[in-house]
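Peer 1: need a structure here:
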Amino acid sequence: MIDWTDRHCRRFHRLLAPDALLYSEMITTGALLHGDVERHLRFDPAEHPVALQLGGSDPDALAASARLGEAWGYDEINLNCGCPSPRVQKGAFGACLMREPELVADCVRAMRAAVSIPVTVKHRIGVDDDEEWPTLLRFVTTVASAGCGVFVVHARKAWLSGLSPKQNRDVPPLRYELVARLKQERPDLSIVLNGGLRSPEAVADALGCFDGVMIGREAYENPWSLTGFAAMAGQSVPAGLTRTGAAAAMASYARQRGQEGTPFKAIGRHMLGLCNGLPGARRYRQILSEGMIGSGGGPDLLDTALQAVGIGDERRKEAA
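Peer 2: Numbering: from 1, shown residues only. Here you go, the predicted structure:
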């Protein structure tokens with residue numbers, strides 16, 4: 001979720017799902033150890049619980065980055081072993097690490113020794129032509145031996161050549177049955193299912209088998225769906241929450257951040273999908289996106305866009 005789940009996105013999603021565990025975008029060890037730590041790690045306390053997702057393959061660098069994450073107040077450190085992008089492959093981490101479970105185990109040991117908060121791993125079921133089940137079982141068994149007890153499994157292979165990152169999210173078939181087999185083989189581990197979960201019904205089915213679910217694209221593209229997922233998972237949903245109420249809260253947040261120099265576009269871009277599924281959603285997106293071009297408009301754009309399509313009319317409060 002690089003460039004997606006930044007702190008402004010997470011602040012928005014927290015309004016819709018108060019109890020969900022939120023994940024940062026993947027941040028590389030190099031960016032933390034040689035870059036602007038505050039820019040990468042600063043977040044609003046309202047985002048808790050929030051996990052820091054790291055990208056890297058050097059145990060010492062990951063341990064140092066995990067220490068930074070804990071010092072900044074994150075609730076969990078997650079190692080990404082599933083991203084197939086060419087940039088990540090060039091750095092020899094992400095999905096490449098599916099083929100190096102012993103190295104991942106060393107990384108987990110180093111991070112667990114460095115912090116007191118949980119260290120978890122996100123990964124695929126395999127890469128390229130590797131046989132899926134043996135690859136998956138060996139990877140999880142090896143990494144679990146280093147003390148990792150939580151595995152977030154994207155139930156697709158990653159193709160390191162031949163498919164773009166976007167295609168890697170859609171083209172490889174989903175193999176939920178392999179992840180279910182993993183849970184049966186290792187009931188002692190917490191197995192969280194990721195990939196293709198788009199409806200509350202799908203989440204309910206998954207929660208009957210797995211210890212949790214991770215929602216990615218659906219949460220970003222259709223953020224209001226988070227309210228349905230939270231309810232299905234038995235989590236709280238703010239009483240009386242409406243899209244207009246969420247927009248008003250984010251407008252207030254944007255004004256606060258604007259006093260620190262954050263342009264509204266950095267926040268508003270995460271809210272383009274707020275009205276997806278409603279009549280007028282396309283017009284809402286158009287008004288908001290065009291209004292943010294260049295220096296763009298401010299937080300009042302949210303109300304303007306909602307009013308223009310009638311969603312701001314309190315007589316129609318979230319009839320959908």
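
Peer 1: mind showing which ranges of the protein have poor pLDDT?
Peer 2: When residues are selected by pLDDT under 70, those of the chain lie in 86-91, 295-296, 312-320.

Peer 1: need the longest helix for it.
Peer 2: Scanning the chain for the longest helix, with DSSP state H as the assignment, gives helix 243-258.

Peer 1: other SSEs contacting the helix or strand just after that helix?
Peer 2: Once the chain leaves helix 243-258, the next helix or strand it forms, by DSSP states H and E, is helix 265-268. Judged by 3 or more C-beta pairs under 8 Å, 6 or more residues apart in numbering; DSSP states H and E, helix 265-268 is in contact with helix 7-16, helix 243-258. All C-beta spots, glycine's among them, are computed from the backbone N, C-alpha and C.

Peer 1: so how far is the next helix or strand after helix 265-268 from its chain's centroid?
Peer 2: Later in the chain than helix 265-268, the nearest helix or strand by DSSP H and E is helix 281-291. A distance of 24 Å separates the centroid of the chain from that of helix 281-291, by C-alpha atoms, centre = their mean, to the nearest Å.

Peer 1: contacting residues around the following helix or strand past helix 281-291?
Peer 2: Under the assignment DSSP H and E, the closest C-terminal helix or strand after helix 281-291 is helix 300-308. Residues outside helix 300-308 that contact it (C-beta atoms under 8 Å, 6 or more residues apart in numbering): 243-244, 247-248, 250-251, 264, 268, 271, 275, 280, 283-284, 287-288, 291-292, 297, 312-313.

Peer 1: ok, now stretch 28-48?
Peer 2: 7, 10-11, 14, 22, 24, 27, 50, 52, 54-56, 58, 61-62, 64-65, 68-69, 72-75, 91, 93.

Peer 1: rewinding a little: now list the buried members of the contacts of helix 300-308.
Peer 2: Applying 16 or more other C-beta atoms under 10 Å to these, the neighbour count classes 243-244, 247-248, 250-251, 264, 268, 271, 275, 284, 287-288, 291-292, 297, 312 as buried.

Peer 1: As a check, name the ranges of all strands in the protein.
Peer 2: Assigned strands in the chain, in chain order: 22-23, 27-28, 50-55, 76-81, 119-123, 150-154, 190-194, 212-214 (criterion: DSSP state E).

Peer 1: wait, which of the ones you listed is closest to residue 142?
Peer 2: Comparing those against residue 142 with C-beta to C-beta, the closest turns out to be strand 119-123 (10.8 Å).

Peer 1: quick check: angle from the closest one to strand 150-154?
Peer 2: Going by axes from the mean of the first three to the mean of the last three C-alpha atoms, to 10 degrees, strand 119-123 is angled at 20 degrees with respect to strand 150-154.

Peer 1: and strand 119-123, what does it pack onto?
Peer 2: In this structure, strand 119-123 makes packing contacts with strand 76-81, helix 101-114, strand 150-154, judged by 3+ C-beta pairs under 8 Å, 6+ apart.

Peer 1: then it to CSV, C-alphas only?
Peer 2: Output in CSV follows, covering the C-alpha atoms of strand 119-123 (Å, rounded to 0.1, in the frame of the first residue of the first chain):
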residue,chain,number,x,y,z
VAL,A,119,6.6,-8.9,15.1
THR,A,120,4.5,-10.3,12.3
VAL,A,121,5.0,-11.3,8.7
LYS,A,122,2.9,-10.6,5.5
HIS,A,123,3.6,-12.8,2.5
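
Peer 1: just the angle between it and strand 50-55, please?
Peer 2: Per the same axes, to 10 degrees, the angle that strand 119-123 makes with strand 50-55 is 60 degrees.

Peer 1: Buried ones in strand 119-123, by neighbour count?
Peer 2: For strand 119-123, by 16+ other C-beta under 10 Å, it's 119, 120, 121, 122, 123.

Peer 1: Export those as TSV, with columns for distance to residue 196.
Peer 2: Below are the buried residues of strand 119-123 laid out as TSV (distance: C-beta to C-beta, whole Å):
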residue	distance to residue 196
119	26
120	21
121	20
122	15
123	16
